[in-house]
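Asker: All I have is the shape, not the residue letters:
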């Protein structure tokens with residue numbers, strides 16, 4: 001079953017690697033920025049599929065954060081640093097979840113403000129609003145099983 005969770009993780013990583021996300025940054029691409037994009041994608045993923053089986057979503061959540069911890073270890077952080085980093089990333093993730101809960105009701109200015117709060121982007125905030133609105137529609141069109149069973153071609 002963990003292979004299925006790996007498919008979800010890999011799908012989210014593939015989305016995070018979308019070069020278009022990084023064209024509108026004020027700073028250069030860093031691990032922290034990539035991770036923030038990953039967490040935003042994952043937050044929307046859980047938001048859309050929150051009506052699915054809770055135990056399954058908890059396993060997906062646990063697996064994804066275990067994978068992130070492994071990635072941080074591979075970068076070379078020590079145990080103390082990893083614990084602090086993971087706590088910071090978990091806090092950020094839960095803050096993101098709260099802020100996107102009412103995403104569909106937010107106007108475009110509130111959505112733009114959201115991205116300005118989390119990512120050092122230039123004035124093209126409309127790109128991110130459009131991108132993540134399309135991402136939400138993509139998630140709604142695909143079942144959770146499609147993400148569990150395969151690495152799918154996700155073009156936004």
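Answerer: Happy to help now that I have it. Source: prediction; values computed, not measured. Residues are numbered from 1 along each chain as shown.
Asker: Quick check: next helix or strand after the helix or strand hosting residue 139?
Answerer: Using DSSP states H and E, the secondary-structure element containing residue 139 is helix 125-141. Tracing the chain past helix 125-141, the next element assigned as helix or strand by DSSP H and E is helix 144-149.
Asker: Run the chain-centre distance for that next one.
Answerer: Going by CA atoms, centre = their mean, to the nearest Å, the spacing between the C-alpha centre of helix 144-149 and its chain's C-alpha centre is 17 Å.
Asker: Kindly report the same for stretch 133-149.
Answerer: Remark: stretch 133-149 is offset 13 Å from the chain centroid, using CA atoms, centre = their mean.
Asker: Over to stretch 123-141?
Answerer: When C-alpha coordinates are averaged (CA atoms, centre = their mean), stretch 123-141 and its chain have centres 12 Å apart.
Asker: Please list the residues outside that stretch that contact it.
Answerer: By CB atoms under 8 Å, 6 or more residues apart in numbering, the residues outside stretch 123-141 that reach it are 15, 20-21, 24, 40-41, 44-45, 48-49, 103-104, 108, 111-112, 115-116, 119, 121, 154, 156. Glycine gets a C-beta too; all of them are placed from N, C-alpha and C.
Asker: Give the buried residues for it.
Answerer: Of the residues in stretch 123-141, those scored as buried under the neighbour-count criterion (16 or more other CB atoms under 10 Å) are 125, 127, 128, 129, 131, 132, 133, 135, 136, 138, 139.
Asker: Run through the chain and note the low-pLDDT ranges.
Answerer: Along the chain, the model assigns pLDDT under 70 to residues 1-3, 151-156.
Asker: which residue is nearest the centroid of it?
Answerer: Ranked by distance to the mean C-alpha position of the chain (CA atoms, centre = their mean), the top residue is residue 41 at 2.5 Å.
Asker: pretty sure that one contacts residue 14?
Answerer: No - in this structure, residue 41 is not within contact of residue 14 by CB atoms under 8 Å, at 9.7 Å.
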